[in-house]
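> With the input below, show me the fold.
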Amino acid sequence: MIKITHAAGHALGTPGKRSPDGYKEWQVTSEIVKLVMLELGNFEGVIQKRIDDPTGISDIPLNKRCELVNGWGANVHIDYHLNAYGSGWNSASGTEIYMYTTKPKEAADLAEKIQTNLVKVLGFRNRGVKAADFQMIRETKMTAILIEFAFMTNQNEAMKMRTSEYQKKAAKAVVEGLVAQYGLKKKPEVSSNAIMLYRVQVGAFSDIDNAKSLVEDLKAKGYPAIMV
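Just a heads-up that it's a prediction; the model follows:
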């Protein structure tokens with residue numbers, strides 16, 4: 001069993017967390033979180049929890065988020081973000097993932113797997129896996145990474161990340177990284193050819209002799225009748 005927590009970065013009302021044309025970071029990252037959680041639900045032994053406000057209204061403080069993750073006993077935490085540089089459209093670009101400054105091996109391995117997948121499917125500049133002293137990867141007690149999918153101040157990247165196509169690509173890259181890192185196995189599919197059996201009740205009696213009589217009559221006619 002593996003317990004995974006997810007957080008879609010900053011909420012809708014957080015100052016500065018938006019593109020120059022006013023599109024909010026959360027509008028993209030929340031969709032990616034939902035897609036990741038939906039797909040991970042198809043794998044055995046995966047328990048998940050979202051620890052940001054799923055409505056985007058409240059920006060839960062970082063210290064409270066860390067308490068929620070630690071208190072739940074997560075094995076892995078992923079923070080989902082879009083990067084930014086300056087206040088207007090510019091050429092800053094690319095995808096990067098952060099782990100804590102101590103560079104825990106498991107976090108580094110997971111980050112490398114997801115980073116490789118993201119660069120491949122999104123096609124943005126590879127800014128690499130980096131170490132930083134961010135609170136969400138410093139004060140959490142498990143393997144924790146923080147993903148910056150793209151720059152919301154880069155018009156090309158921002159417009160692409162707003163589409164369901166790129167959000168699905170990003171989610172798939174994250175899931176495949178987790179699958180590769182932890183050897184996750186898909187739940188068995190329910191066969192569409194499964195045989196359906198239907199039970200038929202002939203009658204019910206308050207007199208046991210009447211019930212026995214019907215059972216004997218049905219057996220005589222070739223039906224495998226029983227009395228319960």
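> hang on, residue 62 packs against residue 135?
Yes - Residue 62 lies in contact with residue 135 (C-beta atoms under 8 Å); the separation is 4.6 Å. C-beta coordinates here come from the backbone N, C-alpha and C atoms, glycine included.
> Report the residue spans of the protein with pLDDT below the cut-off.
191-201, 204-205, 211, 215, 218-223, 227-228 (pLDDT under 70).
> If we use 90, what do you get?
9, 15-16, 87, 189-228 (pLDDT under 90).
> Pick out the residue nearest the middle of it.
residue 37 (2.2 Å; C-alpha atoms, centre = their mean).
> Please, where are all the helices along the chain?
Using DSSP state H, the helices of the chain run over 25-40, 62-72, 105-122, 135-138, 155-161, 164-182, 208-220.
> out of these, deepest packed?
Each of these was scored by mean neighbour count; the highest is helix 25-40, a mean of 22, by mean count of other C-beta atoms under 10 Å.
> Tell me the spacing between residue 3 and residue 60.
19 Å (C-beta to C-beta, to the nearest Å).
> pretty sure residue 141 contacts residue 70?
Yes - contact criterion C-beta under 8 Å: residue 141 and residue 70 qualify, at 5.1 Å.
> quick one: contacts for the closest residue to residue 84 other than its chain neighbours?
Nearest residue to residue 84 in three dimensions, chain neighbours excluded: residue 153, at 4.8 Å (C-beta to C-beta, 6 or more residues apart in numbering). Taking C-beta atoms under 8 Å, 6 or more residues apart in numbering, we find residue 153 in contact with 19-20, 83-90, 92.
> got the contact list for the residue nearest to the centre of the chain?
By C-beta under 8 Å, 6+ apart, the neighbours of residue 37 are 6, 48, 50.
> For beta bridges, what are the partners of the last one?
Same thing as residue 50. The partner list for residue 50 in beta bridges (DSSP bridges) reads residue 6.
> Near it, how many other residues are there?
17 (other C-beta atoms under 10 Å).
> who touches the closest residue to residue 87 other than its chain neighbours in this structure?
Nearest non-adjacent residue to residue 87, counting by C-beta to C-beta, 6+ apart: residue 20, 6.7 Å away. Each residue near residue 20 by C-beta under 8 Å, 6+ apart is listed here: 87-89, 153.
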